[in-house]
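>>> sequence? don't have it. structure:
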């Protein structure tokens with residue numbers, strides 16, 4: 001479950017406003033799922049009679065708030081980066097989840113999410129487009145690293161209030177986080193929610209800056225997430241990747 005988190009983190013890094021780069025959001029080299037992703041673990045868990053849940057992408061969300069910094073920060077904007085494309089399976093009885101996130105699908109500054117974050121400026125459409133292009137091309141380099149991968153492990157049986165170990169692979173670098181999450185299960189559905197703060201430099205990413213750092217993106221990022229998943233039957237995960 002804490003897997004949601006993962007998702008999360010995937011979104012981790014954002015760039016500041018600037019001149020729009022070429023739009024590379026549609027780039028996943030034709031792949032809909034990372035070739036490194038496991039294809040048998042969840043099916044084997046189902047065969048052993050274990051509970052397995054599939055992420056419901058349309059009902060799941062991970063949001064990262066990116067703050068501006070530098071001596072001329074007042075000339076820039078804070079931003080909200082979101083993912084609505086988390087994919088994965090959760091084997092709750094085994095305390096494991098495997099997730100991935102297509103980084104080219106990240107959104108920037110959805111109006112409702114900016115309002116929820118209480119941001120005090122309003123970037124123009126051109127600012128938003130430039131921020132997204134810089135994030136994908138210069139920061140995340142989605143042409144080289146199109147996916148974020150997340151492996152979650154926790155107690156043998158995940159319960160409400162569990163602390164999960166989450167390994168995130170992003171931009172070619174893997175890092176591990178221990179994260180307390182809120183877990184709810186009812187009527188064949190699973191919800192995992194939580195928050196996390198982390199530094200994008202932990203993944204070898206240099207925060208975007210211009211004018212010698214007078215306008216820059218703060219290294220520290222704030223993440224919140226809520227992931228919904230539904231329990232699946234034996235016949236539903238015969239070939240789990242890609243899932244949607």
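Now that the structure is in, tell me what you want to look at. Since this is a predicted model, take the numbers as computed values, not measurements. Residues are numbered from 1 along each chain as shown.

>>> for the longest strand seen in the chain, packing partners?
Longest strand in the chain, counting residues (DSSP state E): strand 215-231. Packed against strand 215-231 by the contact rule (3 or more Cβ pairs under 8 Å, 6 or more residues apart in numbering; DSSP states H and E) you find helix 3-10, strand 52-55, strand 61-69, strand 189-199, strand 209-210. C-beta coordinates here come from the backbone N, C-alpha and C atoms, glycine included.

>>> what strands line up against the second one, and which way round?
This means strand 52-55. Using DSSP bridges, the strands paired with strand 52-55 are strand 87-91 (antiparallel), strand 215-231 (antiparallel).

>>> could you give the angle of the last one to strand 61-69?
With axes from the mean of the first three to the mean of the last three Cα atoms, to 10 degrees as the criterion, the two stretches strand 215-231 and strand 61-69 enclose an angle of 170 degrees.

>>> centre of the chain to strand 215-231, how far?
Chain-centre distance of strand 215-231: 6 Å, with Cα atoms, centre = their mean, to the nearest Å.

>>> still on that earlier bit, can you tell me which of the helices and strands packed on strand 215-231 has the worst average pLDDT?
Ranked by mean pLDDT, the helices and strands packed on strand 215-231 bottom out at helix 3-10, which scores a mean of 33.

>>> in the chain, what residue spans correspond to strands?
Under DSSP E, the chain gives strands at 52-55, 61-69, 79-83, 87-91, 96-102, 107-108, 147-153, 163-170, 173-180, 182-186, 189-199, 209-210, 215-231.

>>> tabulate those (a markdown table), appending mean neighbour count and distance to residue 129.
Below are the strands of the chain laid out as a markdown table (neighbours: other Cβ atoms under 10 Å; distance: least, Cβ to Cβ, whole Å):
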| stretch | mean neighbour count | distance to residue 129 |
| --- | --- | --- |
| strand 52-55 | 24 | 29 |
| strand 61-69 | 22 | 16 |
| strand 79-83 | 23 | 12 |
| strand 87-91 | 26 | 26 |
| strand 96-102 | 26 | 19 |
| strand 107-108 | 20 | 8 |
| strand 147-153 | 23 | 22 |
| strand 163-170 | 21 | 23 |
| strand 173-180 | 14 | 28 |
| strand 182-186 | 14 | 35 |
| strand 189-199 | 18 | 26 |
| strand 209-210 | 16 | 17 |
| strand 215-231 | 21 | 17 |
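
>>> of those, which shows the lowest average pLDDT?
Least confident of these, judged by mean pLDDT, is strand 209-210 with a mean of 74.

>>> and the pLDDT at residue 235?
At residue 235, the pLDDT value in this model is 62.

>>> no wait, residue 84
Each residue has a pLDDT score; the one for residue 84 is 94.

>>> wait, which of the strands paired with strand 52-55 is closest to residue 126?
When those are compared by Cβ to Cβ, strand 215-231 sits nearest residue 126, at 16.1 Å.

>>> residue 116 - how many residues pack around it?
As a burial measure, residue 116 scores 13 neighbours (other Cβ atoms under 10 Å).

>>> how far away is it from residue 109?
Remark: distance between residue 116 and residue 109 (Cβ to Cβ, to the nearest Å) = 12 Å.

>>> got it, and residue 50?
Counting by Cβ to Cβ - residue 50 and residue 109 are separated by 41 Å.

>>> of the two, who's got more company?
Using other Cβ under 10 Å as the criterion, residue 50 and residue 109 rank with residue 109 on top: 23 against 14.
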